[in-house]
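Visitor: Sequence first, then the predicted structure:
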Amino acid sequence: HVAARCGSLQPFFVMDVAAIERRLEVLRLILPRVRPNYAVACNADPVLARVLSNNLDVNFEVSNSAELELASMYVEPSRSVFCSHLMTRKSIKNAAFAGCRTFVVENEKQLTDVTNAAPDAEIILAVCLPYFAGEVPYGCSVEELEEILDMAHLLGANVTGIHLELGVRATLEDYISALHDARSILNTANDKFLSVRHVSLGNLVIPTGLDGTVNEEFITFCDSLNRVISDLFEPHIHFSASIGRFLVTNAFTLCTNVIGKREMDAKFITNDDFDDGIGFVYQTNDGIFGSFGCKQMDINPLCKPLELGDDTEEKHQLHFGTILGPTLDRTDVAQRLMKSRQLRIGEWLVWEQMGAFTIPVDSEHSVPPVYYYSGKECWQKLVNKDEQRRSPSPSASDNEDIGSDGEGGYASSCEDSETETILEPVIEEVNEF
């Protein structure tokens, strides 16, 4: 619908606004003791930030001044958590000056710097457990932990919690082990007269189906965490986790255009001499230096041609292909291998599950515009929630940039207000997850 009416061949995103609310509701229902945090670095779309800001149980994790500035536009400073692998004394002072009151630290120096810059701030101590399953460790080692707790007691630091980052390959068994370790750490902290009452599970890796949908594995994962939390921790111990990937991955779809094409033997594309016939190398107008930078975060998007009318794949022979980005750099590969009918230059490609790590706060490359849609009933609920949070007696101007076409459908572009009315109503099934 958008591709047919946008009047341009430039790439664009489509965001399912209601999908964010639906996923938050599911998490509240199935993980009731885990408060959701959102890392701004996951996706810095301003409408997304505004939708999340209207959910008062969602805190924003920021790692630099640009992310803190974006978060401050939509939430109170008390809802920002400063969490960075590259935390410096200057960045701590800037965050404290901006009103941030929660900091995640990983060593004695950062602990001292935060205590000096913001004596009343809540400090969360990051701990790197031995079974960390990521690329870059974050947090102090278990061996360093007791020494840092002693320093916190000596300084009178307001250490209120611990942060356990397990990495993108963490399993359910890893999280269960981490919760048992967290119980031991809290006991140690209490022995040193520190009131530690908060456990952050870091970037929580929530299992879903291949298409990003909630499945039985998701239910089992959450039920297991709930049982361990209930068995090990008193009701006054609070939990949180950064669930950005789970929230936004399925909410965004990217559309790009085929701008180049070359035919060659299929065996050169598949690296298999037994693959006969021809294949195609396509070039599209977004790549690794733009929206597909998400590939650096273990995300491998897959595309399909946008079928308009009766031009379906069943009517055509299928060919192997590779999709390159616009620069033709050897690393600029959007999709290494695909199989589809022969594509034409000018055709649209649809990339689903493109919400995570595709829209940065600041980028050297232009970010494609975003179009937003939602069911009528859900959209009105979002507008009402926005009005209630922003003002006891909101004015009409509060909702102008949310975008309504006045005919029951809702869509807008983040480029300028004039494009908000070019789309016909886009309606979805509100109850669909």
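Guide: Thanks, I have it. Everything quoted here is computed from the prediction, not taken from an experiment.
Visitor: hey, where'd the helices end up in the stretch 101-250 of the chain?
Guide: Along the stretch 101-250 of the chain, the stretches classed as helices by DSSP state H, counting those that start in this stretch are 108-117, 142-155, 172-191, 216-232, 244-248.
Visitor: Pull out the buried positions in the longest one.
Guide: Residues of helix 172-191 classed as buried: Leu172, Asp174, Tyr175, Ser177, Ala178, Leu179, Asp181, Ala182, Arg183, Ile185, Leu186, Ala189 (neighbour count, 16 or more other Cβ atoms under 10 Å). Glycine gets a C-beta too; all of them are placed from N, C-alpha and C.
Visitor: how about low-confidence regions in the chain?
Guide: For the chain, the stretches with pLDDT under 70 are 1, 308-315, 391-433.
Visitor: The residue nearest to Asp223 when sequence neighbours are not counted and Leu179: what is the separation?
Guide: In space, not counting the residues next to it along the chain, Asp223 is nearest to Ile30; the distance is 7.8 Å by Cβ to Cβ, 6 or more residues apart in numbering. From Ile30 across to Leu179, the span is 17 Å (Cβ to Cβ, to the nearest Å).
Visitor: Repeat that for Ala95.
Guide: Ala95 sits at a distance of 29 Å from Leu179 (criterion: Cβ to Cβ).
Visitor: now do Val205
Guide: For Val205, the distance to Leu179 under the criterion Cβ to Cβ works out to 14 Å.
Visitor: dump the residue contacts of Gln353.
Guide: With contacts taken as Cβ atoms under 8 Å, 6 or more residues apart in numbering, Gln353 has the following neighbours: Asp211, Gly212, Thr249, Asn250, Phe252, Thr253, Ile299, Pro301.
Visitor: For stretch 326-339, list every residue counted as buried.
Guide: Buried positions in stretch 326-339, judged by neighbour count with 16+ other Cβ under 10 Å: Pro326, Asp332, Val333, Ala334, Gln335, Met338.
Visitor: what about Ile176, distance to Leu328?
Guide: Ile176 sits 47 Å away from Leu328 when distances are taken as Cβ to Cβ.
Visitor: Report how many residues lie close to Met87.
Guide: Burial of Met87 is recorded as 22 neighbouring residues (other Cβ atoms under 10 Å).
Visitor: How about it: what's its closest non-neighbour residue?
Guide: Among residues not flanking Met87 along the chain, Gln110 sits closest, at 5.5 Å (Cβ to Cβ, 6+ apart).
Visitor: thought the one you found was touching Leu86?
Guide: No - with contact defined as Cβ atoms under 8 Å, Gln110 and Leu86 do not form a contacting pair (10.9 Å).
Visitor: which ones are touching the residue nearest to Met87?
Guide: Residues touching Gln110, when contacts are defined by Cβ under 8 Å, 6+ apart, comprise Met87, Ile92, Phe103.
Visitor: just Ala170 next, same as before
Guide: Under the criterion of Cβ under 8 Å, 6+ apart, the neighbours of Ala170 are Ala133, Gly134, Val205.
Visitor: Now do the longest strand anywhere in the chain: distance to the chain's middle.
Guide: Identified as the longest strand of the chain according to DSSP state E is strand 252-265. Averaging C-alpha positions (Cα atoms, centre = their mean, to the nearest Å) puts strand 252-265 25 Å from its chain's average.
Visitor: Straight-line length of stretch 274-290, end to end?
Guide: According to Cα to Cα, to the nearest Å, stretch 274-290 extends 35 Å from its N-terminal end residue to its C-terminal end residue.
Visitor: That one: which residues count as buried?
Guide: Judged by neighbour count using 16+ other Cβ under 10 Å, the buried positions of stretch 274-290 are Gly279, Phe280, Val281, Tyr282, Gln283, Thr284, Asn285, Asp286, Gly287, Ile288, Phe289, Gly290.
Visitor: Pick the one among those residues closest to Tyr138.
Guide: For these, the minimum distance to Tyr138 (Cβ to Cβ) is 25.0 Å, reached by Ile288.
Visitor: what's the nearest residue to the closest one if we skip its chain neighbours?
Guide: Once flanking residues are discounted, Ile288 sits nearest to Asp332: 4.7 Å by Cβ to Cβ, 6+ apart.
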